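1. Here's a sequence, model it:
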Amino acid sequence: MRIIFTSDTHGHVFPINYATGEQENSGLLSIAAQMEGEKEKDGNTLVIDGGDNLQGTPLMAYYLSHMDEYDLNPMAEGFNAMGLDYYTFGNHDFNYGYEAFKDFAEAMKATLVCANVIDKTCGLDIKKHVIHILEDGTKVGITGAVTGFVNVWEQERNLINYIIEDPIDALKKENEELEGKCDIKVCIYHGGFEEDLTTGTVLSDTAENQACRIIREMNFDIILTGHQHKPIEGVAMSGTYGVQPPDKAMQYCVLDAEYVGMDDNRDIKGRTLTHSGFSVMSFLIPVEKHYADFEKLNDANPGLKKMNQDLQIWLDEPIGCLEKEIEPEQKLECAINGSKVAAIFNQVQLEFTGADFSSTSISNDPLGLPKNITVRDVLNIYRFANTEVVKEITGADLKEALERSAEYFSIDEKTGEICVSEAFLKPKVEHYNYDYFAGLCYEFDISRPVGDRVVMLKKLDGTEIFPDEKYTIVTSNYRATGTGGYKSIARGRTVRTYTEEMPDLLIDFIKRNSPVGEIDNCRYKVRF
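-> Numbering: from 1, shown residues only. Predicted coordinates:
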């Protein structure tokens, strides 16, 4: 049998970078063309996806705000072209509410499999497990689950029609249900590995990623993981074989499994023996340029072509300008010296909510803004549907949050220069967990131990901040849950929540304040 697996495609249907307009080797339609060209699917092949599909590109942002104008869903079109058989939820698939996902699911020809998500309305036809019989008679038992941290991250209004159960408990139940009824068991898990796969070092003490625990406590033959965006071509652990593709539909996993019977030999010509006696080998296949022809794929899909044309008009709509262009900011440099982009984000949050302080992060990619700004530019620098939450925290809580950001820095032992800490690079690159704060003057001394690096903290006007005094801070709904290591923010009482999404607030701010000058809402220093 063969499994073709994608995950974390994040809205990438076409091989195009909408921010730059340049073609790239990516996209579901490119994968579909490559699968067809290479004749990769037959009666003994399953095509599976691991979730996180509705968020990530201007195409999906445009579609989700104009759904009523179209009779096709772009992501579903891409997966249907691939011949997708089964898929599960990703955490970002809840970001736009029940109706947005229902629109996607109803357009999909594939079967939705998820053991730990209950749909209160019963409108999604979620299967807890399925048994798929291949052409050669092999019975494949398939179940799936999404990380339980959906309950931590997601806005309550987006989960009103769902119950998200513990993935471990749900998968154990389905694993037992499949026992003895199939030849091979497959788990689709939208979560990653909580341990370093080389050293076994525990990478996180949270339940966000639990693939290693699933492997050890259950006897799945294959686990198809996602969420971490980490390219894992293949790993064998305790009789289970695991893979994970990177994000943005630039690569996909191909697993070949062959029944050889139970044997003590765990390495059969480069393959690995699973619990059920299947030998497995896998590959990460990059999307080839030959198949990633945007114009050809666009012309072959008239409905999507029309949507792309409408999208371009929307993206190129001028909304305002800056006094001076912001060049793309390199991650370490702006973490040390400040980010003009983050200053804008924080100013928007401060003005909208009236909080004392604001915190924000920026994505893993270097970001900037041209002098003349369009909708495209805003969606490029802020790609999430985050809303705003105001929390009440103490001065001690605030210092603790700043200490978390100070962990971002380390000292290179060879050069003696400041560098990015491994904690923000492995197992997943997480520059977005470095937060920029506004309304404050503060100073980090990186020569000091982690947890004791904030050596100065005051309000922007120079007045003292007292440990027991209470203040308000505005942040994203994502960060307000404490994710990324900011537990001190989560501990605070929630003062206000908002439904307005940051991209819309940014567009409004730029329209009202053009030309936008350089914003001075924070002063800080990093020394070592």
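
2. what residue ranges in the chain score low on pLDDT?
-> 19, 263-271 (pLDDT under 70).

3. for it, which residue is closest to the average position?
-> The residue lying closest to the centre of the chain (CA atoms, centre = their mean) is residue 227, at 5.9 Å.

4. if I look at that one, how far off is residue 120?
-> 24 Å (CB to CB, to the nearest Å). The C-beta positions use only the backbone N, C-alpha and C, and glycine is treated the same way.

5. I am assuming residue 94 contacts residue 150, so please confirm or correct that.
-> Yes - counting by CB atoms under 8 Å, residue 94 touches residue 150, with 5.9 Å between them.

6. Need the overlap of contacts for the two.
-> Residues touching both residue 94 and residue 150 by CB atoms under 8 Å, 6 or more residues apart in numbering: residue 159.

7. Nearest spatial neighbour of residue 97, chain-adjacent residues omitted?
-> residue 158 (4.9 Å; CB to CB, 6 or more residues apart in numbering).

8. what does residue 437 give?
-> Closest residue to residue 437 apart from its sequence neighbours, by CB to CB, 6+ apart: residue 359 at 5.0 Å.

9. and what of residue 87?
-> Distance criterion CB to CB, 6+ apart; nearest residue to residue 87, sequence neighbours excluded, is residue 49 at 4.1 Å.

10. same for the helix or strand hosting residue 48, what does it pack against?
-> Taking DSSP states H and E as the definition, one finds residue 48 inside strand 45-49. Counting contacts by 3 or more CB pairs under 8 Å, 6 or more residues apart in numbering; DSSP states H and E, strand 45-49 is packed against strand 2-6, strand 86-87, strand 139-146.

11. one step back: so the residue nearest to residue 437: helix, strand or coil?
-> Assigned with DSSP: H, G, I helix; E, B strand; the rest coil, residue 359 falls in the strand class.

12. Give me the neighbour count for it.
-> 28 (other CB atoms under 10 Å).

13. residues contacting it?
-> By CB under 8 Å, 6+ apart, the contact set of residue 359 is 346, 401, 435, 436, 437, 438, 473, 474, 475, 479, 489.

14. And the first one, how close does it get to residue 526?
-> I take that to be residue 346. Taking CB to CB, one finds residue 346 at 18 Å from residue 526.

15. Kindly report the same for the third one.
-> When CB to CB is applied, the distance between residue 435 and residue 526 equals 14 Å.

16. which residues in the stretch 101-250 of the chain form helices?
-> 150-153, 167-178, 211-217 (DSSP state H, counting those that start in this stretch).

17. who's in contact with the longest one?
-> Contacts to helix 167-178, defined as CB under 8 Å, 6+ apart, come from residues 115-116, 128-129, 131, 141, 143, 145-148, 185, 187, 189, 191, 210, 213-214, 217-220.

18. Determine how far that helix lies from the middle of the whole chain.
-> 25 Å (CA atoms, centre = their mean, to the nearest Å).

19. Tell me the buried residues in that helix?
-> Neighbour counts using 16 or more other CB atoms under 10 Å place 167, 168, 170, 171, 173, 174, 175, 178 of helix 167-178 among the buried residues.

20. I'd like the residues you listed laid out as TSV, including distance to residue 87.
-> Supplementary listing: those in TSV, determined by distance: CB to CB, whole Å:
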residue	distance to residue 87
167	16
168	21
170	17
171	16
173	20
174	16
175	19
178	18
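
21. Can you show me the helices along the stretch 251-400 of the chain?
-> Under DSSP H, counting those that start in this stretch, the stretch 251-400 of the chain gives helices at 294-299, 302-315, 331-337, 340-353, 375-381, 395-406.

22. Can you lay out those as TSV showing distance to residue 11?
-> What follows is the helices of the stretch 251-400 of the chain, written out as TSV (distance: least, CB to CB, whole Å):
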stretch	distance to residue 11
helix 294-299	15
helix 302-315	12
helix 331-337	23
helix 340-353	21
helix 375-381	11
helix 395-406	29
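
23. Mind checking these for the one nearest to residue 321?
-> Closest to residue 321 of the helices of the stretch 251-400 of the chain, according to CB to CB: helix 375-381, at 10.4 Å.

24. Residues touching that closest one, excluding its own?
-> Residues outside helix 375-381 that contact it (CB under 8 Å, 6+ apart) are 18-19, 58, 61, 314-317, 319, 341, 362-363, 367-370, 503, 506-507, 510.

25. Of these, keep whichever come out buried.
-> Among these, those classed as buried by 16+ other CB under 10 Å are 18-19, 58, 61, 314-315, 319, 341, 362, 367, 369, 503, 506-507, 510.

26. Residue 481 and residue 156, how far apart?
-> 11 Å.

27. Between these two, which is the more surrounded one?
-> Counted by other CB under 10 Å, residue 481 and residue 156 do not tie: residue 481 has more neighbours, with 20 against 9.

28. Looks like that one contacts residue 153 (just checking).
-> Yes - using CB under 8 Å, residue 481 is in contact with residue 153, at 5.6 Å.

29. Do I have it right that residue 5 meets residue 249?
-> No - counting by CB under 8 Å, residue 5 does not reach residue 249; the two are 11.8 Å apart.

30. Which of these two has more residues huddled nearby?
-> Legend: neighbour count by other CB under 10 Å for residue 5 and residue 249, higher for residue 249 (31 against 24).

31. Hmm, residue 25 and that one touching each other?
-> No - the criterion here is CB under 8 Å, and residue 249 misses it with residue 25 at 9.6 Å.

32. Now list whatever residues contact both of those two.
-> Going by CB under 8 Å, 6+ apart, residues that sit against residue 249 and also against residue 25 are residue 287.

33. Report the contact partners of the residue nearest to residue 87.
-> 5, 6, 7, 9, 79, 84, 86, 87, 88, 110.

34. Just give me the closest of those residues to residue 261.
-> Closest to residue 261 out of the contacts of residue 49 is residue 5 (25.1 Å), distances taken as CB to CB.

35. which residues does that closest one contact?
-> For residue 5, the contacting residues are 47, 48, 49, 50, 224, 243, 245, 252, 253, 254, 255, by CB under 8 Å, 6+ apart.

36. what sits opposite the last one in the beta ladder?
-> On DSSP bridges, the residues paired with residue 255 through beta bridges are residue 3, residue 282.
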